[in-house]
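Colleague: I'll drop the sequence and a predicted model, then ask my questions.
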2 protein chains.
Amino acid sequence: MTEQPLYIRVHPKDNVAIVVNGAGLPAGTVFPDGLTLREFVPQGHKVNLADLEEGAPILRYGQVIGTAVRAVPRGSWIEESLVRMPAAPSLEHLPLATEVPPKLPPLEGYTFDGYRNADGTAGTRNLLGISTSVQCVAGVVEFAVKRIREELLPRFPNVDDVVPLTHTYGCGVAITAPGAAVPIRTVRNIARNPNFGGEPMVVGLGCEKMIPEWLLSEDRPAPAAGNTDSIVRLQDEGQQGFGEIIASILEMAEKRLVELNRRTRTECPASDLVVGLQCGGSDAFSGVTANPAVGYAADLLVRAGATVMFSEVTEVRDAIHLLTPRAANEDVARALIREMAWYDEYLQEGASDRSANTTPGNKRGGLANIVEKALGSVVKSGSSAISGVLAPGERVDRKGLIFAATPASDFICGTLQLASGMTVEVFTTGRGTPYGLAAVPVIKMATRKALSARWHDLIDIDAGRIATGEATIEQVGWELFQLILDVASGRKQTWADHWGLHNALTLFNPGPVT
Amino acid sequence: MTEQPLYIRVHPKDNVAIVVNGAGLPAGTVFPDGLTLREFVPQGHKVNLADLEEGAPILRYGQVIGTAVRAVPRGSWIEESLVRMPAAPSLEHLPLATEVPPKLPPLEGYTFDGYRNADGTAGTRNLLGISTSVQCVAGVVEFAVKRIREELLPRFPNVDDVVPLTHTYGCGVAITAPGAAVPIRTVRNIARNPNFGGEPMVVGLGCEKMIPEWLLSEDRPAPAAGNTDSIVRLQDEGQQGFGEIIASILEMAEKRLVELNRRTRTECPASDLVVGLQCGGSDAFSGVTANPAVGYAADLLVRAGATVMFSEVTEVRDAIHLLTPRAANEDVARALIREMAWYDEYLQEGASDRSANTTPGNKRGGLANIVEKALGSVVKSGSSAISGVLAPGERVDRKGLIFAATPASDFICGTLQLASGMTVEVFTTGRGTPYGLAAVPVIKMATRKALSARWHDLIDIDAGRIATGEATIEQVGWELFQLILDVASGRKQTWADHWGLHNALTLFNPGPVT
């Protein structure tokens, strides 16, 4: 049986479309509308639907993703080298909150079984997080966590796990540099993630630059000595050697486990969810299958009163003119622009620019440049008003659709979303990644059926069915929404959690190391 | 029994000395030479031996560590706030190779039992290292390593362990930024560390920016697809799902284990050692007890023909005028200056300078500023000529005393020294740190008896005996030299290895993330 040749044109104005068929399509292929391929076009790559003059705009998503380097006749493979990348949209004179979407109709009655916290937040897991003020203590904390898992955890069946919150920050860094505020607040806010359910427990060294007390307070108290109710300091003189250090950590952990074990899941409204959205290993399908389905689910979450965060500055930068009009008010629009400008400058200081985004895999997957990638990436944000903006690592303080500014790096973005208070993450991928986090469940959605089939035990939900017409964006969006509620409730397990695949916390440190 | 009051003056020109006694000394204390304390002085902190005028130079190690903020009468506590920090030595007009130390007398007949490699190097451990091209694969590699340890390793008794070489680099970074050369060569050179004994084994994703092949070659080949003899790529289409991915990794690991298991320890001359020196959690004793003993051992190693690396640019910068004269030739001296200048600029771009070094713990330990810390730190380099300079992450190519430029951050410095080819690390500490590495044994030396006593099961060798006169620098230096040979041979185990305390590989990435 021969497969019908198929392309997807996203927007009526587009003069390019992407090839759907699995192995690509050969020269001479005739599409139902009469378009004939002049050469082989790989899956996900672009074919032009009209002749292009040299310098002509190339349109996808109804937007200019570049101009033609030379004249290209209809039916050609619009390969990366044929696309001249345009300048990024200017940050001057952007429309501010000019097209605020009307409030979407409320969606009522959806709930999940979560863990209610004293501060009003709700967790999706009941975890003991052990925070650290410096990498120096990482080996000791991992040793202690192994002991806690083996010796203590079996006695506390309501606690899901113990998570060592180790990182590479805390000393050997310019702690007063302007950029240091980011990693410091990130570590502090991760300790406060709703999935850790209460007062942080911190293991520190004693001589480090990031003072353990800073993890408990937004003020920055002076360094103290000795242990406290929430801090075990390895250099505490009351402890004789490694044995007593480990005993101190286990003792504090046991007290926390007693408290955490009192908690059970209770019905919480869907509005208590804080869902982080991310994509990684994107391809040309990301913007037409998985990300639109995520956008649909984002709208459902916003309608249910939840908090939804989209992120990744360099994958938003080239679509910023589409976002500032959607800001709920001018302040939010200005905050969006502020984050873009900050990142432009950050990249420039490193002799780079936004074009440093797009990977070899993105390109093999059909994405010509960061403009095309960004236009497909922001689709995750759905269609609601943008109600707030967070600088990297800030904690979320409102409901609705939030832009949480982060680098696009998967593991850095996820770490910052954790700090912002994320309790479920949705991650779309075209090329495939085994990404996972220890602190929150990560639902992975594939953009292509081939990937979902091959990675049947790593991908949680397949959006590739949208490209083939087997499912609609709305259907997959609803499936995802339901899966979020099930995973948040502990009724379904993600593949990453099934295998225990968890990436490292990776801090964003724009400041220098010393 | 009252303890005799004791101070240490390092150099005859010094007008300050540090208090040795454990709890500090009270006002009114009279030293044997008649000096009387005007106020309490904590252990390790400075007392002035002569009246100081306002603006007078304060001398320690025979060098100016600052000037007096105000007039201070003899016998006072020269507390941090009384010391105005001088400017760093200018990098212009430094003496180049003007006082090259004569070659030290050779030390013959010292050997260790190591693992001989095909490239002529010798390892101190027989490890299977599994390199990674990107953080995305970290969870999968850790899962695989657990399986390898449980299912394969017991059949290969000559192999010490399997080490997952995970890191946070590889994608979401500006891979063509000028700074990217550092993390890229670091990951590649770690894979080639002598303790991994051969051709690297790499796990990659497939779409990442740092191409797995770059870990096998200094050229940067274009991205390929599929698995090879040395690379498992998770996105390889030949693998169906997680089960087959893990099977591919285990299959490659088993082939490597068969090879590694053929190796046994053989007698190697001490000249095959590559010893990294580092200090962390320093105090005022670092420069008078542990670091001089390390310096003595460094001279012994150089006399035996070995390679010894000292590092930590910000802890060398203020003593650079003492090092450029010791360079073996003018090129080496210029390379030293080049690394200082590069770091000055790097810090300046982050709105910082060398004063960002010194931690709260350093200060509590008596160190007034980075000048005093650096003068105590460079003592580790001993007295031989400096035979070469490495930029961060470069592989060592010669014998003798090498300056391997790295940040002072313990975990970044150790990671870069691993890349340079270190096979044993010596780490001195005054405040105490449980630092360790999975890839090479780390010998920890304390600067103070109190720390060695309290951390009896974390500190491997006590240099505090030097301060009390119970041992000489030479004695402790010889003890360390012998311990290095024993640890390198696997005859003695460090405490960090006993407990399995291992810090994360932490890459130095001076470039931006995206």
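Modeller: Great, that's in hand.

Colleague: strands of the stretch 401-514 of chain A, start to end?
Modeller: A:424-429, A:442-446, A:461-462 (DSSP state E, counting those that start in this stretch).

Colleague: who in the stretch 201-350 of chain A is up against chain B?
Modeller: Applying CB under 8 Å from any CB of the partner chain, we find that the stretch 201-350 of chain A lies next to chain B at A:205-209, A:211, A:223, A:234-235, A:237, A:239-243, A:280-281, A:314, A:346-347, A:349-350. The C-beta positions use only the backbone N, C-alpha and C, and glycine is treated the same way.

Colleague: quick one: low-confidence parts of chain A?
Modeller: Within chain A, the ranges that satisfy pLDDT under 70 run A:1-2.

Colleague: domains for it, by residue range?
Modeller: Per automatic domain parsing, the structural domains of chain A span A:1-87, A:117-261, A:268-390+A:402-499.

Colleague: coming back round to it: mind listing which of the residues of the stretch 201-350 of chain A next to chain B are in helices?
Modeller: The helices, defined by DSSP state H, take in A:241-243, A:346-347, A:349 from these.

Colleague: top of these by neighbour count?
Modeller: Comparing these by number of neighbours (other CB atoms under 10 Å in any protein chain shown), A:Leu347 comes first, having 25 neighbours.

Colleague: that one reaches A:Asp353, doesn't it?
Modeller: Yes - with contacts counted by CB atoms under 8 Å, A:Leu347 reaches A:Asp353, the gap being 5.3 Å.

Colleague: now do the host helix or strand of A:Val332: which elements does it pack against?
Modeller: Taking DSSP states H and E as the criterion, A:Val332 maps to helix A:330-349. For helix A:330-349, the elements it packs on are helix A:320-323, strand A:386-390, judged by 3 or more CB pairs under 8 Å, 6 or more residues apart in numbering or on different chains; DSSP states H and E.

Colleague: which of those sits most buried?
Modeller: Ranked by average neighbour count under the criterion mean count of other CB atoms under 10 Å in any protein chain shown, the helices and strands packed on helix A:330-349 are headed by strand A:386-390 at a mean of 22.

Colleague: how about residues contacting that one?
Modeller: Taking CB atoms under 8 Å, 6 or more residues apart in numbering or on different chains as the criterion, the residues outside strand A:386-390 that touch it are A:309, A:323, A:326-328, A:332, A:335-336, A:338-339, A:396-405, A:420.

Colleague: got a ChimeraX select line for the buried ones in the residues you listed?
Modeller: If you want just the buried ones from the contacts of strand A:386-390 in ChimeraX, going by 16 or more other CB atoms under 10 Å in any protein chain shown, the selection is:
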select /A:309,323,326,327,328,332,335,336,339,396,399,400,401,402,403,404,405,420
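
Colleague: farthest residue from the center of chain A?
Modeller: Relative to the centre of chain A, the most outlying C-alpha is that of A:Gln240, 43.0 Å out, by CA atoms, centre = their mean.

Colleague: from A:Leu234, how far off is the closest residue to it other than its chain neighbours?
Modeller: Among residues not flanking A:Gln240 along the chain, B:Arg454 sits closest, at 5.9 Å (CB to CB, 6 or more residues apart in numbering or on different chains). Distance from B:Arg454 to A:Leu234, counting by CB to CB, to the nearest Å: 11 Å.

Colleague: looking at these two now, which is surrounded by more residues?
Modeller: More neighbours surround A:Leu234 than the other of B:Arg454 and A:Leu234, with 26 against 21 (other CB under 10 Å).

Colleague: for the more buried one, give me its contacts.
Modeller: Taking CB under 8 Å, 6+ apart as the definition of contact, the neighbours of A:Leu234 are A:137, A:140, A:203-206, A:245, B:432-434.

Colleague: how about the residue positioned nearest the centre of chain A, secondary structure?
Modeller: Residue closest to the average C-alpha location in chain A (CA atoms, centre = their mean): A:Gln278, at 3.1 Å. Secondary structure of A:Gln278, reduced to three states by DSSP: H, G, I helix; E, B strand; the rest coil: strand.

Colleague: could you export stretch A:483-497 as PDB, CA atoms only?
Modeller: Once side chains and other backbone atoms are set aside, the C-alpha atoms of stretch A:483-497 remain, and they are given as PDB (Å, rounded to 0.1, in the frame of the first residue of the first chain):
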ATOM      1  CA  LEU A 483      -3.100  13.100  31.700                       C
ATOM      2  CA  ILE A 484      -1.800  16.100  33.700                       C
ATOM      3  CA  LEU A 485      -4.600  15.600  36.200                       C
ATOM      4  CA  ASP A 486      -3.800  11.900  36.500                       C
ATOM      5  CA  VAL A 487      -0.100  12.300  36.800                       C
ATOM      6  CA  ALA A 488      -0.500  15.100  39.300                       C
ATOM      7  CA  SER A 489      -2.700  12.800  41.400                       C
ATOM      8  CA  GLY A 490      -0.300   9.900  41.300                       C
ATOM      9  CA  ARG A 491      -2.800   7.800  39.400                       C
ATOM     10  CA  LYS A 492      -0.500   7.500  36.400                       C
ATOM     11  CA  GLN A 493       3.200   7.400  36.300                       C
ATOM     12  CA  THR A 494       5.400   9.000  33.600                       C
ATOM     13  CA  TRP A 495       8.000   6.900  31.900                       C
ATOM     14  CA  ALA A 496      10.800   9.000  33.300                       C
ATOM     15  CA  ASP A 497       9.600   8.300  36.800                       C
END
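
Colleague: quick one: residues in contact with that stretch.
Modeller: Taking contacts as CB under 8 Å, 6+ apart, the residues outside stretch A:483-497 that touch it are A:110-114, A:124-125, A:265, A:270, A:273, A:275, A:297, A:301, A:423-424, A:426, A:434-437, A:441-444, A:457-461, A:501-502, B:139, B:242.

Colleague: buried ones among these?
Modeller: So, by 16+ other CB under 10 Å, the buried ones in the contacts of stretch A:483-497 are A:110-114, A:124-125, A:265, A:270, A:273, A:275, A:297, A:301, A:423-424, A:426, A:434-437, A:441-444, A:458-461, A:501-502, B:139, B:242.

Colleague: before we move on, the earlier item: need the contact list for the residue nearest to A:Gln240.
Modeller: Going by CB under 8 Å, 6+ apart, B:Arg454 touches A:237, A:239-241, B:432.

Colleague: need those in TSV with distance to B:Thr506, can you?
Modeller: Putting the contacts of B:Arg454 into TSV (distance: CB to CB, whole Å) gives the following:
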residue	distance to B:Thr506
A:Glu237	28
A:Gln239	26
A:Gln240	30
A:Gly241	26
B:Gly432	20
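
Colleague: out of these, flag the one nearest to B:Pro42.
Modeller: Proximity to B:Pro42 was ranked across the contacts of B:Arg454 by CB to CB; first place goes to A:Glu237, at 13.5 Å.

Colleague: count the residues that sit near the closest one.
Modeller: Burial measure for A:Glu237: 13 neighbouring residues, criterion other CB under 10 Å.

Colleague: that one against A:Ile245, yeah?
Modeller: No - distance between A:Glu237 and A:Ile245: 11.7 Å, which falls outside the contact criterion (CB under 8 Å).

Colleague: one step back: for the residue nearest to the centre of chain A, give its distance to chain B.
Modeller: Applying CB to the nearest CB, to the nearest Å, the value for A:Gln278 to chain B is 11 Å.

Colleague: one step back: pipe the ones in helices among the residues of the stretch 201-350 of chain A next to chain B into JSON lines and attach distance to A:Leu91 per row.
Modeller: Rendered in JSON lines, the data for these read as follows (distance: CB to CB, whole Å):
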{"residue": "A:Gly241", "distance to A:Leu91": "57"}
{"residue": "A:Phe242", "distance to A:Leu91": "54"}
{"residue": "A:Gly243", "distance to A:Leu91": "57"}
{"residue": "A:Tyr346", "distance to A:Leu91": "14"}
{"residue": "A:Leu347", "distance to A:Leu91": "14"}
{"residue": "A:Glu349", "distance to A:Leu91": "17"}
